[in-house]
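Q: let's see this in three dimensions:
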Amino acid sequence: MERLISDFIFMFTIIDPIGTVPVFLAVTAQFPESVRRRVAIRAAIVSTLLLLGCAVVGQFLLTTLNIDFAAFRVAGSVILFLFALDMIFGTSKPEHEVAEAEKHADDALDSAIYPLAIPSIAGPGSMMAVIVRTENGTYSIGEQTLTIAVMLVVLGLVLVAMLAATRIGRLIGASGASVVSRVMGLILAAVAAEGMLSGIGEYFAIGG
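A: Below is the predicted model:
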């Protein structure tokens with residue numbers, strides 16, 4: 001149960017379903033409900049396939065390139081930490097990606113891929129997170145399966161959030177989504193720091 005809760009908080013934080021709502025609204029503002037639904041479904045499918053691909057291929061790429069996973073964990077944690085700092089102190093995820101969405105709002109179905117599926121849902125941080133959490137040498141097949149299942153649940157919540165985006169947007173507004181994103185950034189910074197320390201400890205233990 002502890003592992004389940006940990007994975008859920010981690011995936012929910014990095015994927016940030018609430019932060020996707022303002023981006024979705026910006027992409028689909030001028031389109032009818034039927035088009036909005038198609039955009040939401042397409043974005044969910046594309047991001048799911050991309051993250052599943054990272055889970056399957058990530059380990060193979062690390063092995064092929066002969067990259068020590070402890071070093072990769074440190075590098076990944078640094079990237080996640082920088083991503084978290086940007087969420088906390090810089091332009092928050094919703095604000096930054098809403099601006100991108102407004103530039104690409106002429107064709108909603110194309111916008112379902114960029115910037116909605118990539119990078120709003122399946123961004124560099126979430127891709128890195130999936131690879132880190134499904135490494136064969138650290139996690140068993142059961143743990144990796146649980147991580148992927150939790151990821152799919154969170155992506156399901158993203159789809160639900162997009163389908164209910166109008167109501168959620170009225171409830172919390174863009175400023176509310178920005179606040180949630182910054183809180184998520186703080187949690188992600190703590191997770192990244194833990195991963196960094198764990199990777200350094202693992203690397204030196206292996207080297208010793």
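
Q: what packs against whichever strand or helix holds Gly142?
A: Counting by DSSP states H and E, the element that carries Gly142 is helix 141-163. Counting contacts by 3 or more C-beta pairs under 8 Å, 6 or more residues apart in numbering; DSSP states H and E, helix 141-163 is packed against helix 2-15, helix 17-28, helix 33-64, helix 124-133. No exception for glycine: its C-beta is placed from N, CA and C like everyone else's.

Q: of those helices, which is nearest Tyr139?
A: helix 124-133 (6.9 Å; C-beta to C-beta).

Q: hmm, who's touching the closest one?
A: For helix 124-133, contacts defined as C-beta atoms under 8 Å, 6 or more residues apart in numbering pick out 7, 10-11, 14-15, 50-51, 54-55, 58-59, 62, 72-73, 76-77, 79-80, 83, 139, 144, 147, 151, 188, 195.

Q: ok so, going back, deepest of the helices and strands packed on helix 141-163, which one?
A: Each of the helices and strands packed on helix 141-163 was given a mean neighbour count from mean count of other C-beta atoms under 10 Å, and the largest, a mean of 26, is that of helix 17-28.

Q: hey, C-alpha coordinates of that helix in CSV?
A: In CSV, the C-alpha atoms belonging to helix 17-28 read as follows (Å, rounded to 0.1, in the frame of the first residue of the first chain):
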residue,chain,number,x,y,z
PRO,A,17,-3.7,16.7,-14.3
ILE,A,18,-5.0,19.9,-12.8
GLY,A,19,-2.3,21.9,-14.5
THR,A,20,-3.4,20.4,-17.9
VAL,A,21,-6.9,22.0,-17.6
PRO,A,22,-6.0,25.6,-18.5
VAL,A,23,-3.8,24.3,-21.4
PHE,A,24,-6.8,22.3,-22.7
LEU,A,25,-9.1,25.2,-22.3
ALA,A,26,-6.7,27.5,-24.3
VAL,A,27,-6.4,24.9,-27.1
THR,A,28,-10.1,24.3,-27.4
